[in-house]
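[1] this one's structure only:
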Ligand code: DX5
Ligand code: ZN
């Protein structure tokens, strides 16, 4: 499987975001990190910024929702221009996560789920056949520029095996501390989409 690059604009200069997005025109996705100061201890960008970014790029926008109860907002992010919307499995009940996935699909967009470092691989199983991408965090979510957690690689490999067995079209993304060196570990473990924030913009 070919490897895709998803630069995270969290590490771009927010006063020059249009230029930042245009600078990554050869990437495969634009990774858009949404933080609510509750699910993670940081606040970033949201729906109005997504609407503005949408006008400046033809690339698919990969929206990573680090917010509690994301089901409340998935329709608005789809309407604002997301192509793929990722919800954390830790952010709500399984019932509400399933509802979020259903709503994203009903909007004609791609649903995805994400697991934090302490969440086991098995947590993705209820969603495996329903999503287009699974995201494995390789740092604790909340901030760019953290060190890559190589001990997440067995989890990436485990989820890769689930995908091969039950939903081979599903993509497998990693996020956090990915650079030219750690990218090799990720692809060896089976990831095919690499998010890179500081390695790309700094
Ligand atoms: C962290 C975000 C990441 C972040 C990655 O919570 O989800 O997407 O931008 O930044 P780097 O690549 O610098 O670790
Ligand atoms: Zn992210």
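    Structure's in. What do you need? Everything numeric in this text was worked out from a predicted model, so none of it was measured. Ligands and ions are numbered 1, 2, ... in the order given.
[2] from here on, contacts and neighbour counts on C-alpha atoms
    Will do.
[3] for the protein, what lies in contact range of ligand 1?
    Selection of the chain residues close to ligand 1 by C-alpha under 6 Å from any ligand atom yields 8, 10, 33, 141-146, 175-178, 196-199.
[4] pull out the buried positions in stretch 60-74.
    Buried residues in stretch 60-74, counting neighbours by 16 or more other C-alpha atoms under 10 Å, are found at 60-71, 74.
[5] that older thread, for PyMOL, what selects the buried ones among the residues of the chain next to ligand 1?
    To isolate the buried ones among these in PyMOL, judged by 16+ other C-alpha under 10 Å, type:
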select buried, resi 8+10+33+141+142+143+144+145+175+176+177+178+196+197+198+199
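[6] which ones among the residues of the chain next to ligand 1 lie within helices?
    198-199 (DSSP state H).
[7] what helix or strand is the residue positioned nearest the centre of the chain on?
    Nearest to the geometric centre of the chain sits residue 64, at 4.3 Å (C-alpha atoms, centre = their mean). Assigned by DSSP states H and E, residue 64 belongs to strand 61-66.
[8] show me where the protein has strands.
    4-7, 30-35, 61-66, 84-88, 110-115, 133-137, 171-175, 193-196 (DSSP state E).
[9] quick one, the second one and strand 61-66 angle?
    Same thing as strand 30-35. 20 degrees (axes from the mean of the first three to the mean of the last three C-alpha atoms, to 10 degrees).
[10] how far away from the center of its chain is strand 30-35?
    Centre-to-centre, strand 30-35 and its host chain are 7 Å apart (C-alpha atoms, centre = their mean, to the nearest Å).
[11] for residue 153, what are its contacts?
    Residue 153 makes contact with 185-186, 189, according to C-alpha atoms under 8 Å, 6 or more residues apart in numbering.
[12] do residue 48 as well
    Taking C-alpha under 8 Å, 6+ apart, we find residue 48 in contact with residue 80.
[13] residue 175 versus that one, what's the distance?
    According to C-alpha to C-alpha, to the nearest Å, residue 48 and residue 175 sit 24 Å apart.
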